[in-house]
Structure formats: structure tokens, C-alpha cells
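Novice: curious how this folds, go ahead:
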Amino acid sequence: MSEDKQDTKLGFTEFVMLVAAMMATQAIAIDAMLPAFPVIGRALHVVNENHEQWIVTAYMTGLGCGQLFWGMMSDRFGRRPVLMCGLGIYVAAALLAGLAGSFAALLAWRFVHGLSAASVVVARSVIRDLYSGRPMARVMSLTFMVFLMVPILAPSLGQLILWLAPWRYIFIVCGAFASLVWVWTWLRLPETLHPEYRMTLTRSHIAAAVRLVIFTRCSLWYTLAMSVMFGGIMAYVGMVQQIFGEVFHRPQLMPAAFALCAAAMGVAAYLNSTIVVRFGMRRISHAALVCYLGVTGLHSVLAVLATEPLWAFVALQSATMACFALSISNFGAMAMEPVASVAGIGASLQGFTSTLGGALVAAFIGRYFNGTLVPLAFGSLCCGAASLTFVLLAERGRLFRGHHAAGERAPLASAEAAG
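Specialist: Next up is the predicted model:
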């Protein structure tokens with residue numbers, strides 16, 4: 001296999017679009033739900049409004065747990081069959097969630113929905129099969145940019161569905177979209193994992209792969225840095241409907257404001273894809289993290305003083321999410337780079353940690369929502385500070401260093417020495 005690319009049926013643009021569409025199946029299942037929280041709460045007799053955030057938390061918990069399973073299966077059986085199976089289960093789970101007769105049943109099916117959506121983590125392994133180093137970071141940035149069209153459009157789509165039909169149809173739309181992605185994948189995506197890289201899922205091989213992922217400095221600490229950053233963003237997603245309803249008393253503006261913030265992320269992701277090859281992942285992501293701390297620090301001060309108008313909230317949250325986008329795609333690439341020999345398990349463990357860890361952080365922040373912006377702003381600042389700590393551990397205390405040598409696929413036996 002070439003370091004940068006192998007033969008594929010897909011051209012570069014179609015490959016980026018397909019991977020982004022796979023990733024979008026995860027996002028649409030979150031963002032399209034947001035306008036429906038109050039409606040679902042009333043329909044299913046949810047007494048505590050903060051519990052409506054569990055619709056996101058249950059999904060994200062399943063998403064985190066499922067990544068452990070799907071990545072290992074893709075290392076054994078290949079990327080294509082795992083993606084096909086996971087997307088198929090996703091369609092069924094979305095429809096069953098839409099038929100739920102109680103809030104507990106909805107949460108249970110949302111957990112299964114997340115478990116199946118976790119199969120999309122294999123898309124990261126597909127990218128790592130085909131690319132490495134800065135080209136890999138560019139591909140991840142481009143897929144992230146296209147993927148961010150979903151948060152821009154999904155809340156408005158959810159609101160439109162609520163105007164035309166009951167809330168249950170939001171889940172039907174999620175299932176229909178995943179069905180289209182399934183067909184596209186079946187028709188166009190070849191197998192990207194070479195037979196010689198397929199693992200036999202013995203206990204010793206899995207243990208060796210786990211040790212490689214856990215005890216490789218960049219893999220471990222950048223994964224944890226992603227986790228806490230992701231938690232701050234998911235806290236915003238979980239609270240945004242309440243913020244616009246209870247803090248600003250303008251719930252009708254939520255979809256448009258959410259789209260503006262997501263657009264800032266998309267612009268930042270595209271910018272990263274154009275400059276990462278020149279400036280390197282570390283310089284860009286470290287600078288973005290420092291800016292993130294500055295923005296969330298200002299946000300926290302204004303929130304405590306209770307002097308933040310709606311336009312300032314949208315501007316600061318957009319800046320926060322732009323810094324997040326510049327950091328997270330590069331953190332993900334740097335975490336994956338040294339574990340190329342076990343890309344499936346590597347993506348699984350890193351995805352499990354960042355997704356489940358982020359969901360738990362978001363749930364912790366969300367439970368303190370009190371009708372003000374303080375929990376979100378201060379929680380985001382704390383997430384940035386924790387992320388900086390993990391980055392310093394990954395880089396031995398030095399920021400803004402140049403690019404390291406790209407990780408090559410190594411025999412799995414080399415993982416035995418990683419512990």
C-alpha cells in the first residue's frame with residue numbers, strides 16, 4: 001500500500017462526500033431532535049425538563065460503547081461488511097425509536113440507535129487505510145467540513161417536520177437518510193483493508209493492540225484531549241434548546257443560531273484543510289486551543305456578570321466552535337497516526353473514549369443548568385483547560401512543534417513492546 005493512497009473505485013471528491021455522509025448519520029440523529037425536546041417531553045410525560053437532555057445522552061452512550069465492537073470486527077472481517085451491517089441496524093433502531101410508547105422505551109432504543117451508529121467509526125479506519133500524515137489530516141478536515149452541513153440544516157429540518165407531522169417522523173427521516181447512505185456504500189465503496197492486515201481476534205492480539213493504543217503517548221493523551229473538548233460541545237448541544245427558551249426567551253431563533261455556530265465550524269474545518277499541509281497539525285491545533293481558552297474565558301466572565309446579549313452569545317459560541325473544529329480534526333489525526341497497524345481497534349478505542357467520555361462530561365455540565373449561561377460557559381472553559389493539560393502531556397510540555405514522522409503500518413508484533 002502506498003503511504004498516501006491506494007486504488008479505489010471512488011474519486012477523491014466522492015470518497016470525501018461518502019465518508020462525510022456516513023459521519024452525518026451520527027449527527028442527524030442528534031441535531032434533528034433538538035427542536036422536538038419540548039414536544040417529546042410533553043408527549044411522553046417527562047416532568048423534569050433537564051431530563052430531556054437524556055435523549056442525547058442515551059444516544060451518545062450507545063455511540064461510545066458500540067465503537068469498541070465495530071472497530072474490532074472491521075479489523076477481522078474488513079471495513080465494508082461492518083459498515084453495511086451497522087447502517088442496516090441503524091435504520092431499524094431509528095424506526096423503533098419513533099414507535100416508542102414511553103420515555104424509558106425511547107431512551108432504550110436511542111441507546112441501540114447509538115450502538116449501531118457507532119459502526120461509522122470504521123470510516124476513520126478507511127481514511128487511515130488510504131492516507132497518512134498531513135494528507136490524512138486534510139481528508140479528515142474535508143469530511144468534517146461536509147459533515148458539519150448536518151448541524152447547519154438538521155435543526156431546521158426537525159422544525160419543519162414538526163410543522164408538518166408528529167415528532168415521530170423525525171426518526172423516520174433519520175432512517176430514510178441512513179438507507180440512502182447504505183445503498184451508496186454498497187454500490188461504491190470497495191474494501192480498503194488489505195488481507196495481510198486482517199487480524200485474528202485472539203486474546204493476545206487484542207491485548208497487544210490495546211497496549212499499543214493505550215501506551216503510545218500521542219494516541220492516549222490526544223484522545224483524552226478530544227474527549228473533554230467534545231464534552232464541552234455536547235453540553236452546548238444538550239442545553240441549546242433550554243438556553244434559547246429560558247435564558248433568551250426566543251426559542252424560535254434556535255435553529256438559525258445553531259446553524260450559524262455550525263457554519264463557523266465548517267469554515268474552520270475547511271480552513272484547516274487548506275493550511276494543514278503547510279503549517280502542520282500541531283501548530284494549528286495548539287494555537288486554536290489557546291484561542292479556545294481565551295474565548296471561553298471571556299464567555300465565562302460575561303455569563304457571571306449576566307450582561308451577555310443574544311448576539312454576543314451567538315458570536316462567542318461560534319468562535320468557540322470554530323476553535324474546536326481547528327483543534328479536534330488535528331487531534332484525531334495525531335491520535336490515529338501512530339496506531340496504523342491496528343487502525344480498526346485504534347479508531348474503536350479512541351472513539352469509545354472520546355465519545356463516551358464526552359457524553360459523561362456533557363451530562364455532568366448539563367445537570368447544573370439553572371436558567372443562566374454560567375454552567376455552559378464555565379464548563380467549556382474547564383474542558384479547554386483539561387484539554388491543554390492533556391496536550392502538554394502528549395508533547396512533553398512543548399507546544400507548537402513541527403510535524404513528526406508519519407506513522408507507518410507496523411507488524412502487530414511490534415505492539416507487544418508498547419507496554
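
Novice: got the phi/psi numbers for the nearest residue to L310 once chain neighbours are set aside?
Specialist: Nearest-residue entry for L310: F248, 4.9 Å, with adjacent residues in sequence omitted and distances by C-beta to C-beta, 6 or more residues apart in numbering. To be clear about C-beta, it is placed using only N, CA and C from the backbone, and glycine gets the same treatment. Here is the backbone geometry of F248 (degrees, to the nearest 10): phi -100, psi -10.

Novice: thought F248 was touching E308?
Specialist: No. Between F248 and E308 there is no contact under C-beta atoms under 8 Å: 9.6 Å.

Novice: what does the least confident helix or strand in the chain by mean pLDDT rub up against?
Specialist: In the chain, no helix or strand scores lower on mean pLDDT, DSSP states H and E than helix 133-147, which sits at a mean of 74. Residues from elsewhere that reach helix 133-147, judged by C-beta atoms under 8 Å, 6 or more residues apart in numbering: 3-5, 16-17, 19-21, 23-24, 27, 123-124, 127-128, 130-131, 266, 269-270, 272-273, 276-277, 280-281, 325, 328-330, 332-333, 336-337, 403, 406.

Novice: one more time with 7 Å
Specialist: For helix 133-147, contacts defined as C-beta atoms under 7 Å, 6 or more residues apart in numbering pick out 4, 16-17, 19-20, 23-24, 27, 127-128, 131, 266, 269-270, 272-273, 276-277, 280-281, 325, 329-330, 332-333, 337, 403, 406.

Novice: stretch 322-333 too?
Specialist: So stretch 322-333 is in contact with 136-137, 140-141, 144, 222, 225-226, 229, 233, 264-265, 267-269, 272, 276, 281, 284-285, 288-289, 291-292, 295, going by C-beta under 7 Å, 6+ apart.

Novice: how about a cut-off of 6 Å?
Specialist: Counting by C-beta atoms under 6 Å, 6 or more residues apart in numbering, stretch 322-333 makes contact with 136-137, 140-141, 144, 222, 225-226, 229, 233, 264-265, 268-269, 272, 281, 284-285, 288-289, 291-292, all of which sit outside it.

Novice: quick check: mean pLDDT of that stretch?
Specialist: Averaged across stretch 322-333, pLDDT comes to 88.

Novice: other SSEs contacting the helix or strand where L160 lies?
Specialist: Using DSSP states H and E, L160 maps to helix 149-164. Secondary-structure packing of helix 149-164 (3 or more C-beta pairs under 6 Å, 6 or more residues apart in numbering; DSSP states H and E): helix 12-31, helix 168-188, helix 254-279.

Novice: could I get those helices as a markdown table with mean neighbour count?
Specialist: Formatted as a markdown table, these follow (neighbours: other C-beta atoms under 10 Å):
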| stretch | mean neighbour count |
| --- | --- |
| helix 12-31 | 22 |
| helix 168-188 | 18 |
| helix 254-279 | 20 |
